[in-house]
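*Asks:* dropping a prediction and its sequence here:
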Amino acid sequence: MNFEPLQNTRIIDAAFGKDVDKIPVWIMRQAGRYLPEFRELRSKYDFFTMCQTPKLACEITLMPIKRFELDAAIIFSDILVIPKAMGMQIELIPGRGMVFPSPLKTPADIDKLKYPINVKEKLNYVFEAITLTRHTLKGKVPLLGFSGAPWTLMCFMVEGESSSTKSKAKSWLYKYPEESKRLLDLMSDIIVEYIVGQIEAGAQMIQLFETLAEYLNKPMFEVYCLSYIRKINSSVKAILKERQIPEVPMVIFAKGAHYALKELSESGYDVVSIDWTITPEEARKIVNPNVTIQGNLDPCALYAPAENLKKITENMVSTFGKKRYIANLGHGIYPDMDPENVKVFIDAVHSL
Ligand code: CP3
């Protein structure tokens, strides 16, 4: 595909444990609703149309790169493109979020899903967006790809709408453990192909979002998340090896799962992304020293006055240190954030 050579390798170097000149930084949900230029474009298009139009996805991906000294771009897309590819209808409704008009009600509904799917064909628009964006970036910063993890996707598919307890999806784990595993298994197969496709298209690092891990406890997490998280990483790496494609760093973000941080740091991923509910000191103590940590500023810290935000950020990055560390928030940036505060955060990371 003849992409231009990468000029800023900080994130990749940090992920693989190499030295960096400055601490690398990117922000979860950096290409989103807090940017006026995104909202302007969004007023003209439906959300999934934006995801499915490579030219638009590329334009949105580059929005934060034009504004800030970020060390990576993340492809504009959504974790819910997978259930969509499996035939589920999804609508983004103002005030209600992502709504599935026909969620999975009982295990019999699994058979209504399209499976297996031709990932290359159904999600080709994501691969095209990645390739176009790599070319457009001209090697300025690496381009990250991502996928939702099986449990998080299952939660959306069963709940159908935002819920504070996830009791519908969790009830499946208690009522239908075998059928739940069947669903998680078939999701995993698609996720593996989807991640490999993104890497083949040009993604230079991959983050797996297990955002809804926080609703489980350790024994449930081990059965319904960790085993799939491990398998996805090892299967992706095995396929890359077989096809003689160089490995890219793999990042696991299991929000709220520090009850399993040790296990996560031994699950084969190069980077473990953590939320703000654990201190840098504690995280460093628990995480395997051969693994890079990403995180973990409270997204709400960005509401602090600039001087305080600068101090909080400097304190965080100096505690993590320059080795095996990627600065980020502990979860996605909030939609009402002032972009100026993002700049304060990024500059504070780089000033160290
Ligand atoms: O990080 C980036 O900038 C890349 C793009 C990206 C989006 N969603 C774009 C988006 C990424 C990485 C995601 C991941 C995602 N999507 C997750 C996991 C991470 C997390 O934050 O927890 C989840 C759970 C989703 C599902 C999702 N997408 C929901 C529930 C919603 C509606 C509520 C919300 O958060 O806005 C979305 C919509 C969405 N995805 C928007 C964007 C920019 C907002 C679109 C709009 O309102 O115009």
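*Replies:* Okay, I see it.

*Asks:* which parts of the stretch 101-250 of the chain sit against the ligand?
*Replies:* Residues of the stretch 101-250 of the chain that fall close to the ligand, judged by Cβ under 6 Å from any ligand atom: 146, 209, 211. All C-beta spots, glycine's among them, are computed from the backbone N, C-alpha and C.

*Asks:* so what's the closest residue to the ligand within the stretch 151-300 of the chain up against?
*Replies:* Minimum separation of the stretch 151-300 of the chain from the ligand (Cβ to the nearest ligand atom) falls at residue 211, amounting to 3.6 Å. Contacts here follow Cβ atoms under 8 Å, 6 or more residues apart in numbering; on that basis residue 211 touches 79, 148, 152, 253, 255, 331.

*Asks:* same check on residue 112?
*Replies:* The neighbours of residue 112, taking Cβ under 8 Å, 6+ apart as the test, are residue 87.

*Asks:* on that earlier part again, which one of the contacts of residue 211 is nearest residue 43?
*Replies:* Within the set of those, residue 79 lies nearest residue 43; the separation is 23.4 Å, counting by Cβ to Cβ.

*Asks:* please report phi then psi for the closest one.
*Replies:* The phi and psi values for residue 79, taken as degrees, to the nearest 10, are phi -70, psi -20.

*Asks:* dump the residue contacts of the residue nearest to it when sequence neighbours are not counted.
*Replies:* Across the structure, with Cβ to Cβ, 6 or more residues apart in numbering as the measure, the residue nearest residue 79 apart from its sequence neighbours is residue 148 (3.1 Å). Listed by Cβ under 8 Å, 6+ apart, the contact set of residue 148 reads 79, 80, 82, 156, 191, 208, 209, 210, 211.

*Asks:* count of neighbours near the closest residue to the fifth one other than its chain neighbours?
*Replies:* In this case it means residue 191. Sequence neighbours aside, residue 147 is the residue nearest to residue 191 in space, at 5.1 Å (criterion: Cβ to Cβ, 6+ apart). Number of residues near residue 147 (other Cβ atoms under 10 Å) recorded here: 26.

*Asks:* bridging residues for residue 147?
*Replies:* When bridges are taken as DSSP bridges, the partners of residue 147 come out as residue 208.

*Asks:* ok, now how distant is it from residue 332?
*Replies:* Using Cβ to Cβ, to the nearest Å, we find residue 147 at a distance of 15 Å from residue 332.

*Asks:* the residue nearest to residue 286 when sequence neighbours are not counted: neighbouring residues, count only.
*Replies:* The spatial neighbour of residue 286 that comes closest, neighbours along the chain excluded (Cβ to Cβ, 6+ apart), is residue 261 at 4.8 Å. Residues contacting residue 261 under the criterion other Cβ under 10 Å number 20.

*Asks:* name the SS class of residue 261, please.
*Replies:* Going by DSSP: H, G, I helix; E, B strand; the rest coil, the secondary structure assigned to residue 261 is helix.

*Asks:* got the contact list for it?
*Replies:* Under the contact definition (Cβ under 8 Å, 6+ apart), the residues listed for residue 261 are 272, 274, 278, 283, 286, 287.
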